[in-house]
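Peer 1: I would like to see how this sequence folds:
(one chain, ligands or ions: 1)
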Amino acid sequence: MMKGCVYKGPLQSMQFLELDKYKKRVFQVLLALTIVSGTVFVFFNYQRGQSALALIEMAIVILSVGLMIRVNKIRNREKFLRIALVYLTFFLSVMMFAFSVEGVSITVFVWALGIPLISYLLLGVETGFIMTAIFYSLTASLFYRGFHAHVSMVDSIAYANFIACAFVFWGISHSYEHSNRFAKDRLNQLAVFDHLTGLYNRSMVTKLFTKAIESPNTHQQQISVISFDLDHFKNINDQYGHAIGDEVLQRFSQVLMEQIPAESSAFRMGGEEFVVILPTSNEAKANNLAEKIRKAIEQDLIISGLPKAFYVSVSVGVITDWVKSANLNSMLKAADQRLYQAKQQGRNVVVSHG
Ligand SMILES: Nc1nc2c(ncn2[C@@H]2O[C@H](COP(=O)(O)OP(=O)(O)OP(=O)(O)O)[C@@H](O)[C@H]2O)c(=O)[nH]1
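Peer 2: So this is what the prediction gives:
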């Protein structure tokens, strides 16, 4: 079985992880809650003579209003995470300041339970973990500094409950964000790659073709589309079963990945049909590549579990066009017509004219 296929297409440079909409929503909710509760606390703290705290709270309310107006326009994931990190650091520092104010009620520490929740939901697993570790440690030291002298007054069971609760909140936030990321990665994978062969799936053709022709300095160049269709594949399934048929598809995909150059991409279009997009190409280059792949497949294909090697061949259609006039649909259509001619000519051939 083929494992760990190396993708040669321009995957690395593509931003698949679009800005998580839910993180944006969490941020908006946090901002809204900060504006409402912050305004209440500004009045409350001003009334009881805590003007320094009231002033800092007012600053965070104003900052939150500003961000609330801007946050919807942020499209870039990294930028969003940077802003969220700076905001949350400021927000949690204000919380720490509130914990350290002289004469503060012990109940104010209950707000610390929200630290892992907002850190993980906004910033993800790694940064969420670091933020929680830092601000939980600060909370613990501020609690110790303010209350250790009166610790006999504190109900020790309530104290233990609070600590246990803090760790439960941390653990749940961590595992939730972790499984959420796993599910998101899996979804991205399913949306992009064919599950059997690991090649790009059909839905990626338009995206990667557009990316190839829109790359800088390609305007004066040519691009090729190569269509492949395994010959008499139905016979393989009928003769050896679908599992062996699947293995042939995987082995062919492996050959494709080994042969195509780094800047190109390979797709499984469905069944036993494959396409390669070859940027910065010309007719000779595309033809040579198609021939090389056809010959590589023509060799004995050794499949595990079978008593002897058997032959597999592929028919190929090639089309090359100038990038400035290239159109994906017409190129795919032309490559398929040539592929059809290859089948008509008896299979196991490359057709690049006609
Ligand atoms: N094992 C396996 N078979 C598949 C898969 N998808 C499609 N097929 C089979 O691929 C076969 C395609 O057969 P045909 O379209 O008749 O083509 P062919 O036998 O290759 O004949 P030519 O293309 O004319 O050479 C069918 O038997 C499908 O069931 C798959 O994922 N796994």
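Peer 1: going forward, measure contacts and count neighbours with C-alpha atoms only.
Peer 2: Noted.
Peer 1: pull out the buried residues from the longest helix along the chain.
Peer 2: Ordering each helix of the chain by length in residues (DSSP state H) puts helix 156-192 first. For helix 156-192, the neighbour count (16 or more other C-alpha atoms under 10 Å) marks 162, 166, 169-170, 173-174, 176-178, 191-192 as buried.
Peer 1: need the distance between the two termini of stretch 108-118.
Peer 2: One end of stretch 108-118 to the other measures 17 Å (C-alpha to C-alpha, to the nearest Å).
Peer 1: can you list the low-confidence ranges for the stretch 101-250 of the chain?
Peer 2: 151-154 (pLDDT under 70).
Peer 1: how about the residues of it near the ligand?
Peer 2: Residues of the stretch 101-250 of the chain found near the ligand (C-alpha under 6 Å from any ligand atom) are 230-235, 237, 242-243, 245-246.
Peer 1: please pick the buried ones from those.
Peer 2: For these, buried by 16+ other C-alpha under 10 Å: 230-231, 233, 245-246.
Peer 1: in those, find the pair that's most separated.
Peer 2: Using C-alpha to C-alpha, these reach their maximum pairwise distance at D231 and D246, which is 14.4 Å.
Peer 1: how about the secondary structure of H219?
Peer 2: At H219, secondary structure determined by DSSP: H, G, I helix; E, B strand; the rest coil is coil.
Peer 1: for the residue lying closest to L67 once chain neighbours are set aside, give me its contacts.
Peer 2: Counting by C-alpha to C-alpha, 6 or more residues apart in numbering, L31 is the residue found nearest to L67 once chain neighbours are left out, at 7.7 Å. Each residue near L31 by C-alpha atoms under 8 Å, 6 or more residues apart in numbering is listed here: 64-65, 67-68.
Peer 1: okay, buried residues for stretch 39-49 please.
Peer 2: 39, 41-43, 45.
Peer 1: pick the one among the residues you listed closest to the ligand.
Peer 2: T39 (60.5 Å; C-alpha to the nearest ligand atom).
Peer 1: before we move on, back to that, tell me how far the longest helix of the chain lies from the chain's centre.
Peer 2: Here the centre of mass of C-alpha atoms in helix 156-192, compared against the chain's by C-alpha atoms, centre = their mean, to the nearest Å, lies 19 Å away.
Peer 1: what does stretch 146-164 give?
Peer 2: 44 Å.
Peer 1: residues contacting that stretch, please?
Peer 2: With contacts defined as C-alpha under 8 Å, 6+ apart, stretch 146-164 is touched by 100, 106, 110.
Peer 1: most neighbours among those residues, which one is it?
Peer 2: S100 (16 neighbours; other C-alpha atoms under 10 Å).
Peer 1: against W111, how distant is that residue?
Peer 2: 13 Å.
Peer 1: and what of S215?
Peer 2: Distance from S215 to W111, by C-alpha to C-alpha: 50 Å.
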